[in-house]
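what follows is a protein structure lacking sequence information:
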């Protein structure tokens, strides 16, 4: 998603607000990794663009509604992901010739625009929940038959049949201390 910033370049102290609901397609064809196909809404941008000596500082919040599977029963759940962002888009004209440090994000289109795509994608992916649960007491899937135990009781009990990989330990004669 390209944003014009020509009015900010070379004007330290100038600022601009950007509040926008952007369709996923505006962020290009790149993969969204774990969120590929899961985004169910426009991506909300509430950003402030500040001109600084070295480029454009982008601060604010991005968010989206996603649909991710429950970690136990695999039923899709609606999840809201909101991320705080603060990134400097470096003006290539202001970089030192001998500066070998990775510039990170840069101004593009002859210093007239910035591309927010990678920044927004990274921010949302970093803040994806590690584990999604449909509810705290989710019973998950039966280990034997795969039935969703939240929907019906299949009769199998996980504690009735010990894992056969541990069967050899039952024959050990250990002293009680």
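Yep, that arrived. Keep in mind that what you see is a predicted model, and the values were worked out from it rather than measured. Numbers count the residues shown, from 1 in each chain.

what helix or strand does the residue sitting nearest the centre point of the chain sit in?
For the chain, the residue sitting closest to the mean C-alpha position, by CA atoms, centre = their mean, is residue 125 at 1.6 Å. Using DSSP states H and E, residue 125 sits within helix 117-126.

what does that helix contact?
1, 27-28, 30, 32-35, 43, 45, 58, 62-64, 81, 83-85, 87, 105 (CB atoms under 8 Å, 6 or more residues apart in numbering). For every residue, glycine as well, the C-beta is placed using N, CA and C.

run the last query once more with 6 Å
With contact meaning CB atoms under 6 Å, 6 or more residues apart in numbering, helix 117-126 is reached by 1, 27, 28, 33, 62, 81, 83, 85, 87.

show the pLDDT at the last one.
In this prediction, residue 87 carries a pLDDT score of 92.

buried residues in the helix or strand hosting it?
Element membership of residue 87, judged by DSSP H and E, is strand 76-90. Across strand 76-90, burial judged by 16 or more other CB atoms under 10 Å covers 77, 79, 81, 83, 85, 87, 88, 89, 90.

residue 168: which of these is nearest?
residue 77 (39.6 Å; CB to CB).

that closest one contacts residue 131, doesn't it?
No - between residue 77 and residue 131 there is no contact under CB atoms under 6 Å: 11.0 Å.

report the contact partners of residue 64.
Residue 64 touches 39, 41, 43, 81, counting by CB under 6 Å, 6+ apart.

ignore the last one, residue 30
By CB under 6 Å, 6+ apart, residue 30 lies in contact with nothing.

can I take it that it is in a helix?
No - using DSSP: H, G, I helix; E, B strand; the rest coil, the secondary structure at residue 30 is coil, not a helix.

measure it to residue 42 for me?
17 Å (CB to CB, to the nearest Å).

got it, and residue 110?
29 Å.

can you get me a residue count around the spatially closest residue to residue 42 that is not a sequence neighbour?
Closest residue to residue 42 apart from its sequence neighbours, by CB to CB, 6 or more residues apart in numbering: residue 21 at 4.0 Å. Using other CB atoms under 10 Å, residue 21 has 12 neighbouring residues.

do the same with residue 174
Applying other CB under 10 Å, I find that residue 174 has 6 neighbouring residues.

check residue 114 too.
So residue 114, with other CB under 10 Å, has 25 neighbours.

element containing it, please.
strand 113-115.

how about residue 110?
Using DSSP H and E, no helix or strand contains residue 110.
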